[in-house]
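Novice: Build me a model from this:
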Amino acid sequence: MTAVEVQGAAAKAAAAKLMICPAKVKNETLKRIAEALVDKKQIILDANKLDMINAQISGMAPAFIDRLALDSGRIDDIAKGVLEVAAMGDPVGQVDKLEKRPNGLLVGRKTVPLGVIAIVYESRPNVTVDAAVLCLKAGNAVILRGGKEAFNSNNAFAKLMRSAIRETGLPEDCVSLVQDTNRETVSALFNMTQYIDVLIPRGGASLIKHVAENSKVPVIETGVGNCHVYVESTADLNMAADIIFNAKCRRPSVCNAAETLLVDKSIAAELLPMAKKLLDEKDTELRGCAATAAILGDCVRPVTDEDYYTEFLDYILAVKVVSGIEEAIGHISKYGSMHSEAIVTRDYAASLKFLDEIDAAAVYVNASTAFTDGGEFGLGAEIGISTQKMHARGPMGLGQLTTSKFIIYGNGQVR
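Specialist: Have a look, this model is predicted:
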């Protein structure tokens, strides 16, 4: 067996024990993980420093380095998130109402863990903890395969979590980190159907596409966020400018950041300078259509069709002036990734039309796309944002990491 297959077999064995683990033990395990993250913070910071040095030597983009960076405050926030998951209700063991059939059978459905989840992700070391604790709480063992850029940080997190898991009597292989970051290990996970029940990729479009097209293990697609803000003709322009700035610049490296701004032609001349004034605070590059350039001048780079398809994850915003809501919806339908889309409007009919016709996991009226987040939606921490329609859609919290089985009570019935 290869090293990854050994991890798969160990995770499968651990999952069998975790599946019947009482909620009290799972919660105590999460609390010990949170304590370890805070108490051993310096170990994590030292490991992250190595990753940061390597990233800077490699010439990584600032947005990438921002995703990679950890500091004391971020670690405290990660630990706080672990405790929030511990405080949530156990999603496992919930029984939907038992119904009595004419033959006397009582038929119901019970939530159960998925089993072993493999998660392939890139440069965000916080994912190592977020994914692990969500899987643990939902009764799943998890195999983590992070990117090489964050290996030292990920490894430090994984070691601390495995130690905390041992302290509560659970198998440490409830959580494991693949030690080989070569591309071949991802391919190995694709074929481990005997050990892995679900594979979840988190990262850029190319990673998600590669996993979805090649994995024999069932895949839940997450992540690619080519999100739009459409400012309709009746919008409050001050509100619109604030929403545009927040959606683009709050944290451009995350999947719920806006990548394209669509503006109704009747208000473009007034709104675009207002929006640009805020976007300039973060030196945001604008790539716009001819109408945008006519309003804002030479600061606007000509936009390409490829730009409209691109998840920039940086201080770059594509801009298009549109004739109205029909063109805006058509643009989003063509270029969007079905993640998060927003309209700014004072027209109730326009808001309903947008809500009805936009096909996305999250659709907003008069609010920033930055709210697409498990915590903001009341789900607690999330394992990712699913943009597909099967099993889970939108922020994937605890409930989306379970499945169900039918349970049937009889008293001797035969058919």
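Novice: Could you check what's spatially nearest to Thr222, not counting adjacent residues?
Specialist: Gly384 (3.3 Å; C-beta to C-beta, 6 or more residues apart in numbering). (C-beta placed from N, C-alpha, C; glycine too.)
Novice: With Ala212 instead?
Specialist: Nearest one to Ala212, counting by C-beta to C-beta, 6+ apart, is Val219 at 5.2 Å.
Novice: Surely that neighbour is in contact with Arg202?
Specialist: No: using C-beta atoms under 8 Å, Val219 is not in contact with Arg202, being 11.6 Å away.
Novice: Of these two, give the one with the bigger neighbour count.
Specialist: Taking other C-beta atoms under 10 Å, Val219 and Arg202 do not tie; Arg202 has more neighbours (23 against 20).
Novice: Who are the contact partners of the nearest residue to Asp314 once chain neighbours are set aside?
Specialist: Nearest residue to Asp314 in three dimensions, chain neighbours excluded: Ala63, at 4.6 Å (C-beta to C-beta, 6+ apart). Contacts of Ala63 were listed using C-beta atoms under 8 Å, 6 or more residues apart in numbering, and they are 252-253, 313-315.
Novice: so where's the stretch 1-150 of the chain uncertain?
Specialist: For the stretch 1-150 of the chain, no stretch is flagged by pLDDT under 70.
Novice: what about the strands in it?
Specialist: Under the criterion DSSP state E, counting those that start in this stretch, the stretch 1-150 of the chain contains strands at 99-100, 106-113, 116-121, 141-145.
Novice: cool, the stretch 251-400 of the chain as well?
Specialist: 258-264, 285-288, 300-302, 316-322, 340-344, 362-365, 385-386, 394-395.
Novice: mind checking which of these is nearest Ile407?
Specialist: strand 385-386 (27.0 Å; C-beta to C-beta).
Novice: Give the other helices and strands that the closest one contacts.
Specialist: When contacts are defined as 3 or more C-beta pairs under 8 Å, 6 or more residues apart in numbering; DSSP states H and E, strand 385-386 packs onto strand 394-395.
Novice: about what we covered before: from the contacts of Ala63, which is closest to Leu83?
Specialist: Closest approach to Leu83 among the contacts of Ala63 (C-beta to C-beta): Ser253, at 25.4 Å.
Novice: Make sure that closest one is actually in contact with Tyr315.
Specialist: No: contact criterion C-beta under 8 Å: Ser253 and Tyr315 do not qualify, at 9.7 Å.
Novice: Point out where the stretch 151-300 of the chain drops to low pLDDT.
Specialist: 223.
Novice: which residues of it fall in helices?
Specialist: Secondary structure of the stretch 151-300 of the chain, counting by DSSP state H, counting those that start in this stretch: helices at 151-167, 183-190, 205-214, 237-249, 268-279, 290-296.
Novice: Of all the residues in the shortest one, which ones are buried?
Specialist: Within helix 290-296, the residues that qualify as buried are 291-293, 295-296, counting by 16 or more other C-beta atoms under 10 Å.
Novice: Any buried residues in stretch 119-135, and which?
Specialist: 119-135.
Novice: So which of those residues are in helices?
Specialist: 126-135 (DSSP state H).
Novice: residues contacting the nearest residue to Glu382 once chain neighbours are set aside?
Specialist: Leaving aside its sequence neighbours, Glu382 sits nearest to Gly374 (C-beta to C-beta, 6+ apart; 2.9 Å). Applying C-beta under 8 Å, 6+ apart to Gly374 gives the contacts 380-382, 395-397.
Novice: ok, which pair from those residues is furthest apart?
Specialist: Largest separation among those by C-beta to C-beta: Gly380 and Met396, giving 10.9 Å.
Novice: can I assume Val120 is in contact with Ile196?
Specialist: No: if you go by C-beta under 8 Å, Val120 and Ile196 don't touch, sitting 11.0 Å apart.
Novice: Give the residues shared as contacts by the two.
Specialist: Joint contacts of Val120 and Ile196 (C-beta under 8 Å, 6+ apart) are Leu189.
Novice: Quick check: can you list the domain ranges of this protein?
Specialist: Domain ranges of the chain: 3-222, 227-371, per automatic domain parsing.
Novice: And those: which comes nearest His391?
Specialist: Here domain 3-222 is closest among these (C-beta to C-beta), at 6.4 Å.
Novice: Can you measure across that closest one, start residue to end residue?
Specialist: 27 Å (C-alpha to C-alpha, to the nearest Å).
Novice: roughly how far is it from the heart of the chain?
Specialist: 13 Å (C-alpha atoms, centre = their mean, to the nearest Å).
Novice: Please apply the same query to stretch 405-415.
Specialist: Per C-alpha atoms, centre = their mean, the centroid offset for stretch 405-415 relative to its chain is 40 Å.
Novice: In that stretch, which residues are buried?
Specialist: For stretch 405-415, it's none, nothing buried (16+ other C-beta under 10 Å).
Novice: Could I get the average pLDDT for that stretch?
Specialist: Across stretch 405-415, pLDDT averages out at 96.
Novice: could I get it in CSV with only the CA atoms?
Specialist: Only the C-alpha atoms of stretch 405-415 are listed here, as CSV (Å, rounded to 0.1, in the frame of the first residue of the first chain):
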residue,chain,number,x,y,z
LYS,A,405,-30.6,6.4,6.1
PHE,A,406,-34.1,5.0,6.5
ILE,A,407,-34.9,3.3,9.8
ILE,A,408,-37.8,0.9,9.9
TYR,A,409,-39.4,-0.7,12.9
GLY,A,410,-41.5,-3.7,12.4
ASN,A,411,-43.2,-6.5,14.4
GLY,A,412,-42.7,-9.5,12.1
GLN,A,413,-43.9,-8.1,8.8
VAL,A,414,-43.0,-10.0,5.7
ARG,A,415,-43.8,-9.1,2.0
